[in-house]
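Chemist: just coords:
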């Protein structure tokens, strides 16, 4: 038996990887964390993998453990990590372990500042419908898939969502640099993670490194409307001499009716088709199957509807994602009042130097609300920002800023939702709102 121990097992990706490893024959999985919340809590408990007590327990790190998988939530001085290094136990990061398990497979990796999850989900959805087995890692729940990570001994292909964020406390490179794809997609580059990439050129450079990591004779699929991606493609033409295939794409404009909408989703769809085509899927087969795809969880997900009104929730939080999502709903419902609420929740979004990137992002909404919690800023040890700074950064008169969740909820409850499209956007929860239930309440 192979014993794998997960340090910081409660993360969204980490707990899904733990479940995937535990499902393989011949593996024993244990884990630890200082706090675990749902849905990870329930998933781990149901699988018998929930730690019997929270916290770090270095005495449980013993020589019989074959490998450690280290999550980003753990710090470099984590007591269990320190003990594992003393014992010389092999330590993997999350992406390093995924690569190790799939190094003999054909790997498709989807990167970019936006659209990664949706594009990866589209590829997986079509492959499953066509009966093509694939291992995978994706950042959201997809209808028809049991979990967000799958590893097997039988799949020929592996499809990964490629994140540019840091690999682990011990490895400060971007996660996607581990994957060495045979087929790589980049959807676009829009500055994010300012805490890791303090300048835009530094941010662009990690995508350049990703393209350089494509396997010999591989394919680089890129959105041709992005100037930086075009420049990277031109650089690859000059510096790579191993028959790297460059495949630019635009948005899908065909006649097959789709469930998903918005220009950004039509771009995602076209990128997914091209990736599938690289492994032998005919375009007509792809379009036929993707027509029934309704989207990944929390990505323009419809959560409530009445005869006259509709509500969506979305993970959008960075400027490019926010603008694309607001514009998509406006285009979909040109004759409805658009009420959009978003939460500033990530490191980048709460940094004063980054706020100007949001200028005009919610201009297409009739009524726009921006929420942030000053306590989160304090917890992240960032410089305080004010409501006035946020309003000025967004730069349009339709924006009203809130710093108390109750006040935001009261304002939303005061509106008339007849003939309205409501859009709730956050990588958090607006401090404890069940967004689906709240939207149903508002529309009813």
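Modeler: Nice, I can see it. Only a predicted model underlies this, so the values are computations on that prediction, with no experimental measurement involved.
Chemist: Only the buried residues of the helix of greatest length in the chain, if you could.
Modeler: Counting by DSSP state H, the longest helix found in the chain is helix 263-278. Counting neighbours by 16 or more other C-beta atoms under 10 Å, one finds that the buried residues in helix 263-278 are 264-278. (Each C-beta comes from the backbone N, C-alpha and C, glycine too.)
Chemist: Name the residues that touch the helix or strand where residue 328 lies?
Modeler: Using DSSP states H and E, residue 328 falls within helix 319-332. Helix 319-332 has contacts (C-beta atoms under 8 Å, 6 or more residues apart in numbering) with 113-114, 188, 190, 192, 261-265, 300, 312, 314-316, 338, 340, 342, 357-358, 360-365, 421, 423, 425.
Chemist: Looking at the residues you listed, which are in helices?
Modeler: Short answer: the contacts of helix 319-332 in helices (DSSP H) are 263, 264, 265.
Chemist: looking at it, the first one is touching residue 251, isn't it?
Modeler: In this case it means residue 263. Yes: contact criterion C-beta atoms under 8 Å: residue 263 and residue 251 qualify, at 5.5 Å.
Chemist: which residues in the stretch 51-200 of the chain form helices?
Modeler: Secondary structure of the stretch 51-200 of the chain (DSSP state H, counting those that start in this stretch): helices at 79-87, 94-102, 116-129, 200-212.
Chemist: could you give me the average pLDDT of the second one?
Modeler: By that I understand helix 94-102. Averaged over helix 94-102, pLDDT sits at 96.
Chemist: From the contact counts, what lies against it?
Modeler: With contacts taken as 3 or more C-beta pairs under 8 Å, 6 or more residues apart in numbering; DSSP states H and E, helix 94-102 sits against helix 12-22, strand 67-70, strand 134-137, strand 157-161, strand 166-168.
Chemist: Any chance of TSV for the ones you listed, columns distance to residue 178 and mean neighbour count?
Modeler: Converted to TSV, those look like this (distance: least, C-beta to C-beta, whole Å; neighbours: other C-beta atoms under 10 Å):
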stretch	distance to residue 178	mean neighbour count
helix 12-22	13	23
strand 67-70	13	23
strand 134-137	11	24
strand 157-161	9	26
strand 166-168	7	20
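Chemist: of the contacts of helix 319-332, buried ones?
Modeler: When the contacts of helix 319-332 are checked for burial by 16+ other C-beta under 10 Å, the buried set is 113-114, 188, 190, 192, 262, 264-265, 300, 312, 314-316, 338, 340, 342, 357-358, 361-365, 421, 423, 425.
Chemist: Domain-wise, how is the chain divided?
Modeler: Using automatic domain parsing, the domain parsing of the chain gives 2-88, 97-290, 301-443.
Chemist: just to revisit the earlier point, distance to residue 69 and pLDDT for the ones in helices among the contacts of helix 319-332 - can I get that in JSON lines?
Modeler: Converted to JSON lines, these look like this (distance: C-beta to C-beta, whole Å; pLDDT from 0 to 100):
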{"residue": "263", "distance to residue 69": "38", "pLDDT": "91"}
{"residue": "264", "distance to residue 69": "33", "pLDDT": "92"}
{"residue": "265", "distance to residue 69": "33", "pLDDT": "94"}
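Chemist: so what's the closest residue to residue 245 other than its chain neighbours up against?
Modeler: Here the nearest residue to residue 245 in space, its sequence neighbours aside, is residue 219; by C-beta to C-beta, 6 or more residues apart in numbering that works out to 4.5 Å. Contacts for residue 219 (C-beta under 8 Å, 6+ apart) come out as 182, 183, 184, 244, 245, 247, 278.
Chemist: do that again at 7 Å, thanks
Modeler: By C-beta atoms under 7 Å, 6 or more residues apart in numbering, the contact set of residue 219 is 183, 245, 247, 278.
Chemist: among those residues, who's most crowded?
Modeler: Using other C-beta atoms under 10 Å as the neighbour criterion, residue 183 leads those with 26 neighbours.
Chemist: quick revisit: show me the contacts of helix 319-332 that map onto strands.
Modeler: 312, 314, 338, 340, 342, 421, 423, 425 (DSSP state E).
Chemist: ranking the helices and strands packed on helix 94-102 by mean pLDDT, which is last?
Modeler: For the helices and strands packed on helix 94-102, where the average pLDDT is lowest is strand 166-168, sitting at a mean of 91.
Chemist: where does the stretch 101-250 of the chain dip in pLDDT?
Modeler: 240-241 (pLDDT under 70).
Chemist: What about residue 55, how many residues nearby?
Modeler: Count around residue 55 with other C-beta under 10 Å applied: 11.
Chemist: whoops, I mixed them up, residue 386
Modeler: Residue 386 has 12 neighbouring residues, counting by other C-beta under 10 Å.
Chemist: Kindly report the same for residue 79.
Modeler: What residue 79 shows, counting by other C-beta under 10 Å, is a neighbour count of 17.
Chemist: pretty sure it contacts residue 55?
Modeler: No: in this structure, residue 79 is not within contact of residue 55 by C-beta atoms under 7 Å, at 9.2 Å.
Chemist: got the buried residues for the helix holding residue 328?
Modeler: Neighbour counts over helix 319-332 (16+ other C-beta under 10 Å) mark 319, 320, 321, 322, 323, 324, 325, 326, 327, 328, 329, 330 as buried.
Chemist: Is it possible to get TSV of these that adds pLDDT?
Modeler: Supplementary listing: these in TSV, determined by pLDDT from 0 to 100:
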residue	pLDDT
319	93
320	89
321	89
322	93
323	93
324	91
325	94
326	96
327	95
328	93
329	96
330	96
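Chemist: which of those residues lies closest to residue 230?
Modeler: Ranked by distance to residue 230 (C-beta to C-beta), those are led by residue 320 at 16.8 Å.
Chemist: gap between the closest one and residue 421?
Modeler: For residue 320, the distance to residue 421 equals 21 Å [C-beta to C-beta, to the nearest Å].
Chemist: what do you get for residue 276?
Modeler: From residue 276 over to residue 421 the distance is 32 Å, taken as C-beta to C-beta.
Chemist: Determine the set of other helices and strands touching the longest helix of the chain.
Modeler: Here helix 263-278 touches helix 116-129, strand 183-186, strand 219-223, strand 245-249, helix 283-290, helix 319-332, going by 3 or more C-beta pairs under 7 Å, 6 or more residues apart in numbering; DSSP states H and E.
Chemist: Nothing else from me, thank you.
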